[in-house]
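A.B. asks: Fold the following and give me the result.
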Amino acid sequence: MLSIPDDFLMDSYKKAVALNLCPHFIKLLENEIRRRSMHSSKCGMESAYKENESSSIH
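C.D. replies: Residues are numbered from 1 along each chain as shown. Take a look at the predicted model:
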């Protein structure tokens, strides 16, 4: 997933949640977002994830 741009990753996550896709796939995306936000100083990525976090299936 390293070659996927951050904005594409976030869009994919939002769409996966909206379409109620496989929980394992959503979790995979969540884990990658968390990993990147822990190692990145880019603005908006972590906050955008938190906005959608409550919508996901756990």
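A.B. asks: This protein: helices as residue ranges?
C.D. replies: With DSSP state H as the definition, the chain shows helices at residue ranges 6-18, 23-38, 45-53.
A.B. asks: Could you dump the ones you listed into JSON lines with mean pLDDT and mean neighbour count added?
C.D. replies: C-betas here are computed from N, CA, C, even on glycine. Rendered in JSON lines, the data for the helices of the chain read as follows (pLDDT from 0 to 100; neighbours: other CB atoms under 10 Å):
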{"stretch": "helix 6-18", "mean pLDDT": "96", "mean neighbour count": "16"}
{"stretch": "helix 23-38", "mean pLDDT": "94", "mean neighbour count": "15"}
{"stretch": "helix 45-53", "mean pLDDT": "55", "mean neighbour count": "15"}
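A.B. asks: do you know how far E30 is from K15?
C.D. replies: Here the distance between E30 and K15 works out to 14 Å (CB to CB, to the nearest Å).
A.B. asks: Ok, S3 next?
C.D. replies: Relative to K15, and taking CB to CB, S3 is found at 19 Å.
A.B. asks: One more: L9?
C.D. replies: With the distance defined as CB to CB, L9 ends up 11 Å from K15.
A.B. asks: Could I get the contacting residues of S12?
C.D. replies: Remark: with contacts taken as CB atoms under 8 Å, 6 or more residues apart in numbering, S12 is in contact with I4, L29.
A.B. asks: From D11, how far off is L28?
C.D. replies: 15 Å.
A.B. asks: my bad, should have said I4
C.D. replies: 10 Å.
A.B. asks: shared neighbours of these two, anything?
C.D. replies: Residues within reach of I4 and of D11 at once, by CB under 8 Å, 6+ apart: there are none.
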